[in-house]
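**Student:** I need the structure of the sequence given here:
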Amino acid sequence: MNRWFFALTALLLLTAGVYAHGLWNAGFVWDDVPLIEMNEALGHGGQLPRLFMEDLWATSGAGDVASGYYRPLVLVDFSLDKMLFGSAALGFHLHSLAWHLVAVTALFFLLKDMVGEGAGLAGATLFALHPVQSESVAWISARNDLMAASFGLLAVLAVLRLQRSRVWWWIGAGLACAAMLSKESAVLLPVLLLAVDLSRPSGHRGIRRYAALVCGIGLALGLRAMAGVGSAALPPIEGWLLFVDRIGDWAGIMSAAVVWPFPVTSARDLHWADMEPSVRVAVGWAGLLLLAVVVVVSRGRRRRMIAGGLLWTAVSLALTIVPMADKGGFGDRFWYLPLVGIALVLAAAIPQKLGPWVAVAVAVPSVVILAVRLPDWTDDARLWTAAARDVPIPINHVGLGHAYSRDGRLIKAHRTFVGALSTDRLANDACPRVVGTAVRIGKFAHGVRMGNWVRQRGCPLSSELVGWLATAQALTGAWGDARSTLDEWGKTPEGRGLVVAAALARRDGDRPTERRLLADREDLASAVGLLLDAADKYASGR
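**Tutor:** Predicted coordinates for the structure are as follows:
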């Protein structure tokens, strides 16, 4: 056996061991709950064809969501997991780990053909064990990144072998289609092939290889069109302007995640990027400066390879700007595919003989950081506790408050939401939750006080805040104040606000108005009676 075979085997075993040990007690967190646990279409063989005809979130527990994402192969993968493992999260995690190992293997073979075994091992080690990859591997819902990378890298490997047999054209097209059916970012596969071609002799290039990838991507787009899944809405202009305003901080933060990957956290937001420690942003920009120096001092084919790696990194990172400008959030998972380019840069920049030593130098600190980081994925509360500790911005305290609330720890949730509103900059998502948690723990008068406090703090009115505040006022017998809150909202109330409005109509003996309000929400009729009864009990108990 060649030495590279043993080196690759050792890398895969090390990667599998580190992740399996760290994720042994990991559970379902964050989007895993609605997308997987609450998804009634998963786990049934007869439902598999349906997954190819709907939006990613169509059958989830998140309600009627049109995300614009068409990723049926990921849903099929989750469905198979449910059939095999039921509700045991460990099986899901090990399956995700297997996809990561496939991507690592494919990247190693790609780099080996380009730069040799030693330097290729260093690049593959960076991709396999860099702590920034931990979110994509540890978060089950991020499996789309792992699958798209695995299929995509295998597709590029396939089309590079076209001169050996035409069958590789069809294999490459099929793998490109599978990558596209896993995540939309696979549309960039021709750019990855171009990055590879920049380091290859011109005689090895050919348009047929690009045609295979384009045809596979086109087939996936055709299936998407047949399913009737539209594109996600473009981010609002405010999102683009925010990105332009924060681009310096964002670039420093993202670069620092690679240069100095500790603490590792998935919870960052563009709105709060300017609160990142200036030292960390400076470290990130120092890394970018060092990269520029490497490009300047490199020569010939080595420079072309580095340019190819940077091209892929820049283009694949640029694609993440769209969801970030839309919702603001960005995290380590955005690095999974772009890190292929950084691995190529590393492999091209080092001498062949130093490759194994560089691999060891990368692996040792990475394993230590992963050992510290991976246990955070045990549950939502632990994950968000780590996020709020490592990046102490108000929005992360909101995430922690949600985790406490889902666990039924409402008092801790309430205090955490209050903390999120105790800084100079408001986290508006916390505003209704401060009032809501107070009501849920039975502190109705406190809920009213909290409602007045968040209004004084500058929290904007929202349907949810109006609903909770009006409910708290009604439960304390302040029906006039509840009516004023609903009138101030000035729109048709929803949810809890609608229940309060119907209860007001019933108290006034206005049955026609009550029936009109509940015409499309008969399920809320019982809630109206419960609200009136609770208000009477509270009044009699005072």
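**Student:** domain parsing for the protein?
**Tutor:** 3-233+334-377, 380-541 (automatic domain parsing).
**Student:** Let me have the ones you listed in CSV, extended by mean neighbour count.
**Tutor:** For glycine as for every other residue, the C-beta is placed from the backbone atoms N, C-alpha and C. Listed next are the domains of the chain as CSV, based on neighbours: other CB atoms under 10 Å:
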stretch, mean neighbour count
domain 3-233+334-377, 20
domain 380-541, 19
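**Student:** what's the closest of those to residue 270?
**Tutor:** domain 380-541 (10.3 Å; CB to CB).
**Student:** Off-centre distance for the closest one?
**Tutor:** Offset of domain 380-541 from its chain centre (CA atoms, centre = their mean, to the nearest Å): 28 Å.
**Student:** What's the mean pLDDT across it?
**Tutor:** Across domain 380-541, the average pLDDT comes to 90.
**Student:** pLDDT of stretch 135-154, averaged?
**Tutor:** 96.
**Student:** For that stretch, what is the distance to the chain centroid?
**Tutor:** That offset, for stretch 135-154, works out to 11 Å (CA atoms, centre = their mean).
**Student:** How about stretch 185-194?
**Tutor:** 21 Å.
**Student:** can you check stretch 360-371 too?
**Tutor:** The answer for stretch 360-371 is 24 Å, by CA atoms, centre = their mean.
**Student:** what does that stretch contact?
**Tutor:** 11, 14, 18-19, 21-22, 122, 125-126, 129-131, 134, 261-262, 264 (CB atoms under 8 Å, 6 or more residues apart in numbering).
**Student:** And stretch 531-542, by the same measure?
**Tutor:** With CB under 8 Å, 6+ apart, stretch 531-542 has contacts from 444, 471, 474, 475, 476, 477, 479, 499, 500, 503, 506, 507.
**Student:** pretty sure the first one contacts residue 476?
**Tutor:** Pointing back at residue 444 there. Yes - with contact defined as CB atoms under 8 Å, residue 444 counts as touching residue 476 (4.9 Å).
**Student:** still on that earlier bit, where is pLDDT lowest across the contacts of stretch 360-371?
**Tutor:** Within the contacts of stretch 360-371, pLDDT is lowest for residue 264, at 73.
**Student:** could you dump stretch 172-186 to PDB, C-alpha only?
**Tutor:** Output of stretch 172-186 as PDB, limited to C-alpha atoms (Å, rounded to 0.1, in the frame of the first residue of the first chain):
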ATOM      1  CA  GLY A 172     -20.100  13.900 -13.500                       C
ATOM      2  CA  ALA A 173     -23.500  15.200 -14.700                       C
ATOM      3  CA  GLY A 174     -25.400  13.000 -12.300                       C
ATOM      4  CA  LEU A 175     -23.200  14.000  -9.400                       C
ATOM      5  CA  ALA A 176     -23.600  17.700 -10.300                       C
ATOM      6  CA  CYS A 177     -27.300  17.200 -10.300                       C
ATOM      7  CA  ALA A 178     -27.200  15.500  -6.900                       C
ATOM      8  CA  ALA A 179     -25.100  18.300  -5.500                       C
ATOM      9  CA  MET A 180     -27.700  20.900  -6.800                       C
ATOM     10  CA  LEU A 181     -30.500  18.800  -5.300                       C
ATOM     11  CA  SER A 182     -28.700  19.100  -2.000                       C
ATOM     12  CA  LYS A 183     -28.000  22.800  -1.900                       C
ATOM     13  CA  GLU A 184     -28.300  25.700  -4.400                       C
ATOM     14  CA  SER A 185     -24.700  26.700  -4.000                       C
ATOM     15  CA  ALA A 186     -23.700  23.800  -6.200                       C
END
